[in-house]
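In: pasting the sequence and the predicted coordinates here, then a few questions.
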Amino acid sequence: MVRLDLKKRAAGAVAAALAALLLSAPALAAELPDRLVPVGEAVGISVKTRGVMVAELSEFEENGVVTAPARDAGLLPGDVITKIDGVEIDSTAAMSRALAACGDQVTVVYERDGKTLQATLRPHLDGEERYLGVWVRDGLTGIGTVTYYDPDTGGFGALGHAIADSATGVIVPVREGAILDAQITGVTKGRAGDPGQLGGSFDFSSPLGDVRKNCGCGIFGSLTAGLDVQEAVPAARAEEVKPGPAVVISDASGQRREYKVEITRVYRGERDGRDMMLRVTDRELLDLTGGIVQGMSGSPILQNGKLVGAVTHVLINNPEKGYGVFLENMLNAA
């Protein structure tokens, strides 16, 4: 047995699952670890963005005149504001302070698609307050599943897909983050057209590890507490994964255990995280969740005693089926 030794501290229910943008991973021939611990425990995930992310644009009307400073300057949802008049912006509070100190015209530095851009605009003035015409966020929280732990390095991989902004679909640029002690408090069962999700509580005062990277194949970092490692299994290359019986590890019931699935198809080449198709065959999991639900992303997949990948997402119209990413792609991304 392998377990994540969570102390299950109550901290207020969180019934949200992380939004997912599934991007392809590079097919590199990197050296794989000999053995990894398949974890399969749900954790709280909290990340802070590098800069502040534009979620929506807004406009203002005064005396019949409509203004939209950010929109007119060319900013778009998904852009990440990093500086205002030369001042580093790393939170919504820092943005508010920078605007309070600015004049009638400001220079905004922002990132889009890996490029650094700049715009000059006139904030909307409402009394003493200045506004750019943007709704922004500086972090996200939710629930996901840890896929593996490397006892030799202390590193972990989770989710199997990126943390992305739900409004824009843009991968969140992570400045810092943590995985947190969590407890499953309920399950919303998945149905055709209505994906289910795990509900849970987690404690911000009990981090289990640091999140250092967020990319198309998952989140990665180092664990600092909470694991009681009893067994590791061989790590499989993508070429070893075949259609046939397999298991996924999940604690959707509140207890970590294996559930039977079948790998029905294996895809080669870049597949945007859809490297294999899965079908849940375990009656107990079907009765509990309806199949694959949000929050199970990252659940490790084992075949023939080897760790082969992680669950990534569900087919909306058939929650008994979903996709998984190859472990090799996760490790290459890490």
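Out: Ah, there it is.
In: quick one, phi/psi of residue 303?
Out: Main-chain torsions, residue 303, degrees, to the nearest 10: phi -140, psi 130.
In: okay, now it: neighbour count?
Out: Neighbour count for residue 303, taken as other Cβ atoms under 10 Å: 20. For glycine as for every other residue, the C-beta is placed from the backbone atoms N, C-alpha and C.
In: just give the nearest non-adjacent residue to it, would you?
Out: residue 246 (4.1 Å; Cβ to Cβ, 6 or more residues apart in numbering).
In: show the model's pLDDT score for the one you found.
Out: Among the per-residue scores, residue 246 holds a pLDDT of 98.
In: now do the contacts for it.
Out: 260, 261, 262, 263, 278, 301, 302, 303, 308 (Cβ atoms under 8 Å, 6 or more residues apart in numbering).
In: for the residues you listed, which one is nearest residue 178?
Out: Distance to residue 178, by Cβ to Cβ, is smallest for residue 301 among the contacts of residue 246, at 25.3 Å.
In: SS state for that closest one?
Out: Using DSSP: H, G, I helix; E, B strand; the rest coil, the structure places residue 301 in strand.
In: look up the residues forming beta bridges with it.
Out: Beta-bridge pairing for residue 301 (DSSP bridges): residue 248, residue 309.
In: pretty sure it sits against residue 248.
Out: Yes: taking contacts as Cβ atoms under 8 Å, residue 301 lies within contact range of residue 248: 5.4 Å.
In: which neighbours do the two share?
Out: Shared contacts of residue 301 and residue 248 (Cβ under 8 Å, 6+ apart): 261, 278, 311.
In: so what touches the helix or strand where the first one lies?
Out: With elements delineated by DSSP states H and E, residue 261 resides in strand 257-266, which encompasses its position. Under the criterion Cβ under 8 Å, 6+ apart, residues 241-251, 275-282, 284-285, 301-303, 321, 324 lie in contact with strand 257-266.
In: in PyMOL, select just the buried ones from the residues you listed.
Out: Selecting the buried subset of those in PyMOL, with 16 or more other Cβ atoms under 10 Å as the burial test, is done by:
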select buried, resi 241+246+247+248+249+250+251+275+276+277+278+279+280+282+285+301+302+303+321+324
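In: so which of the contacts of strand 257-266 sit within helices?
Out: Among the contacts of strand 257-266, the members falling in helices (DSSP state H) are 284, 285.
In: got the shared contacts of residue 301 and residue 248 as JSON lines, with pLDDT columns?
Out: Shown next, in JSON lines, are those (pLDDT from 0 to 100):
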{"residue": "261", "pLDDT": "97"}
{"residue": "278", "pLDDT": "95"}
{"residue": "311", "pLDDT": "96"}
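In: closest to residue 101 out of the residues you listed?
Out: residue 311 (47.2 Å).
In: tell me the spacing between that closest one and residue 203.
Out: Applying Cβ to Cβ, to the nearest Å, the value for residue 311 to residue 203 is 25 Å.
In: residue 71: which of the shared contacts of residue 301 and residue 248 is nearest?
Out: Looking across the shared contacts of residue 301 and residue 248 and measuring by Cβ to Cβ, the closest to residue 71 is residue 311, at 38.6 Å.
In: quick check: the closest one is in a helix.
Out: No: Residue 311 is assigned strand when assessed by three-state DSSP, not a helix.
In: I'd say it and residue 294 touch.
Out: No: counting by Cβ under 8 Å, residue 311 stays clear of residue 294, with 10.7 Å between them.
In: more crowded one of the two?
Out: Shown here are residue 311 and residue 294; by other Cβ under 10 Å, residue 311 has more neighbours (30 against 22).
In: quick check: the gap between the more buried one and residue 34.
Out: Counting by Cβ to Cβ, the gap from residue 311 to residue 34 is 24 Å.
In: what's the answer for residue 72, then?
Out: For residue 72, the distance to residue 34 - Cβ to Cβ - is 57 Å.
In: compare these two (neighbour count), which wins?
Out: Taking other Cβ under 10 Å, residue 72 and residue 34 do not tie; residue 72 has more neighbours (14 against 9).
In: give me the buried stretch members for the strand holding residue 261, please.
Out: Buried positions in strand 257-266, judged by neighbour count with 16+ other Cβ under 10 Å: 257, 258, 259, 261, 263, 266.
In: and which of these is nearest to residue 105?
Out: Looking across the buried residues of strand 257-266 and measuring by Cβ to Cβ, the closest to residue 105 is residue 266, at 56.5 Å.
In: can you name the residues bridging to that closest one?
Out: residue 276.
In: for this structure, which helix is longest?
Out: In the chain, with assignment by DSSP H, the single longest helix is helix 92-101.
In: and the angle from the helix or strand just after it to helix 92-101?
Out: Toward the C-terminal end, the helix or strand that comes next after helix 92-101 (DSSP H and E) is strand 106-112. Taking axes from the mean of the first three to the mean of the last three Cα atoms, to 10 degrees, strand 106-112 and helix 92-101 form an angle of 150 degrees between their directions.
In: please state the offset of strand 106-112 from the chain centre?
Out: Remark: strand 106-112 is offset 25 Å from the chain centroid, using Cα atoms, centre = their mean, to the nearest Å.
In: what's the answer for stretch 157-171, then?
Out: Distance, centroid of stretch 157-171 to centroid of chain: 4 Å (Cα atoms, centre = their mean).
In: what does the average pLDDT come to for that stretch?
Out: Rounded mean pLDDT across stretch 157-171 is 86.
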